[in-house]
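Novice: Any chance you could fold what I've pasted below:
(one chain, ligands or ions: 1)
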Amino acid sequence: MAQTQTARLMEGASLARRIVEQSAATAAAVTRQAGKPPCLATVLVGDDPASVTYVQMKRTRCEKTGIRSRHVGLPATTTTAELVDAVTALSRDPDVHGILLQHPVGRHIDERAAFEAIAPDKDVDGVTMRSFAAMSFGLPGFVSCTPGGIMRLLDEYDVDLAGKRAVVVGRSPILGKPVGMLLLARDATVTYCHSRTTDLASIVREADVLVAAVGRPRFIRGEDIKPGAVVVDAGYNPGNVGDVDFETAKTRASLITPVPGGVGPMTIAVLLAQTVDAAARQFGLELDALVPSA
Ligand code: NAP
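Specialist: The predicted model follows:
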């Protein structure tokens, strides 16, 4: 008999909207008190169409939220030293409160060196080694935005993580690796899978909580989802397709993120929230005193 269970959707789009509304209210209060708006600087090397679109989208969302955006566009021929200089100048500029260096920056550039030129208090995209270490030690700091968004989504749907088997498929520095650290900090028992993992399907089948962060359309098959599992699909592939085969997975999962409208909107919401937070701190303002929390 065909299975008919349909998982409840974890609607990132509506949670993200609420986070952005809260950020807009806080940004307005920061602007009133400090006499200047929060400002996010975006840095783009080259003109890769997808990166241009991502940066433009982030800038538009900033402006709508009451965050000023400043853009630094550099040619594809930019050297590591030139990029480090440009990022360092933004790190020193008191009118810039957050810095987003769009990835990828081009193979000839030492991307790590460029990321490390971001001042820790302006690392609203959570890409520096210091931010990663702070997150891993459970110390205050900015988290990488997509992992931070995933955790907020799990909390919104009251997903109990303590003692649960969490499987993260993917180990990139901006997504898979940090989300596993955040799940570990919440007492999940975490397993990472990657391109060298053998018998990945059998590991996926054990997951109470599955995070797919691979970048391959419908890579996780519904038949491998443990009945009742919570499925977070961070993948975003051409044609608005995730890394999980949604149609089959939803017949076994208890909760699942749609693509689009799941993890994607959360990433930008966390970026905006962290930018406003960074500005408030740099202006010496108490966030809680500015606006009531949501
Ligand atoms: P990435 O840097 O390319 O990393 C992909 C990871 O998947 C790597 O760890 C890789 O393993 C692993 N992998 C690749 N092929 C595999 C296979 N056959 N079996 C098992 N593991 C495999 O990608 P990313 O930046 O983390 O992004 C992953 C996905 O998330 C993409 O679809 C991307 O578009 C999406 N994404 C979405 C957002 C958002 O805002 N929603 C943000 C960032 C990324 P190795 O380490 O062994 O190579």
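Novice: now the helices: where do they sit in this structure?
Specialist: Listed in chain order, the helices found in the chain under DSSP state H are 12-34, 49-65, 80-92, 111-116, 129-137, 145-156, 176-185, 200-204, 246-249, 263-282, 287-290.
Novice: Minimum distance to I256: which of those has it?
Specialist: Smallest distance to I256 across the helices of the chain (CB to CB): 6.0 Å, for helix 246-249. For the C-beta atoms, the positions are set from N, CA and C on the backbone; glycine is no exception.
Novice: so how far is that closest one from its chain's centroid?
Specialist: For helix 246-249, the gap between its own C-alpha mean and the chain's C-alpha mean amounts to 23 Å (CA atoms, centre = their mean, to the nearest Å).
Novice: hmm, it in reach of the ligand?
Specialist: No - with CB under 6 Å from any ligand atom as the criterion, the ligand is not reached by helix 246-249; the gap is at least 13.8 Å.
Novice: Can you get me a residue count around the residue in the stretch 1-150 of the chain positioned nearest to the ligand?
Specialist: Nearest residue of the stretch 1-150 of the chain to the ligand: T146, at 4.1 Å (CB to the nearest ligand atom). When neighbours are counted by other CB atoms under 10 Å, T146 registers 25.
Novice: now it: how far from V105?
Specialist: 18 Å (CB to CB, to the nearest Å).
Novice: can you give me how far stretch 192-207 is from the chain middle?
Specialist: Between the centre of stretch 192-207 and the centre of its chain there are 23 Å (CA atoms, centre = their mean).
Novice: Check stretch 101-111 too.
Specialist: How far stretch 101-111 lies from its chain's middle: 18 Å, per CA atoms, centre = their mean.
Novice: what residues does it touch?
Specialist: Outside stretch 101-111, the residues within contact range by CB atoms under 8 Å, 6 or more residues apart in numbering are 42-46, 48, 51, 54-55, 76, 78-80, 83, 87, 114-115, 118, 125, 127, 174.
Novice: Now do that stretch: distance from first to last residue.
Specialist: Terminal residues of stretch 101-111 lie 10 Å apart, using CA to CA, to the nearest Å.
Novice: Okay, buried residues for that stretch please.
Specialist: When burial is assessed from 16 or more other CB atoms under 10 Å, stretch 101-111 yields the following buried residues: 101-103, 105-106, 109, 111.
Novice: so can I have a markdown table of the residues you listed showing distance to P258 and pLDDT?
Specialist: What follows is these, written out as a markdown table (distance: CB to CB, whole Å; pLDDT from 0 to 100):
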| residue | distance to P258 | pLDDT |
| --- | --- | --- |
| L101 | 29 | 98 |
| Q102 | 26 | 97 |
| H103 | 25 | 93 |
| V105 | 31 | 95 |
| G106 | 33 | 93 |
| I109 | 35 | 98 |
| E111 | 31 | 97 |
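Novice: ok, those residues vs R32, which is closest?
Specialist: Distance from R32 was checked for each of those by CB to CB. The minimum falls on L101, at 29.8 Å.
Novice: Looking at strand pairing, list the partners for that closest one.
Specialist: V43 (DSSP bridges).
Novice: could you flag which of the contacts of stretch 101-111 are buried?
Specialist: Neighbour counting by 16+ other CB under 10 Å classes 42-46, 48, 51, 54-55, 78, 80, 83, 87, 114-115, 118, 125, 127, 174 among the contacts of stretch 101-111 as buried.
Novice: returning to what we had before: between the helices of the chain, which one is nearest to G228?
Specialist: Relative to G228, the nearest member of these by CB to CB is helix 246-249, separated by 12.1 Å.
Novice: So which bits of the closest one are buried?
Specialist: In helix 246-249, the ones that count as buried by 16+ other CB under 10 Å are 246, 248-249.
Novice: and what of stretch 64-71?
Specialist: When neighbours are counted by 16+ other CB under 10 Å, the buried residues of stretch 64-71 are found to be 65-70.
Novice: For those residues, give me TSV that also has distance to the ligand and pLDDT.
Specialist: Compiled in TSV, the buried residues of stretch 64-71 are given as follows (distance: CB to the nearest ligand atom, whole Å; pLDDT from 0 to 100):
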residue	distance to the ligand	pLDDT
T65	17	98
G66	22	98
I67	18	98
R68	23	98
S69	18	97
R70	22	98
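Novice: could you dump these to a markdown table with distance to G170?
Specialist: What follows is the buried residues of stretch 64-71, written out as a markdown table (distance: CB to CB, whole Å):
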| residue | distance to G170 |
| --- | --- |
| T65 | 29 |
| G66 | 34 |
| I67 | 30 |
| R68 | 34 |
| S69 | 29 |
| R70 | 32 |
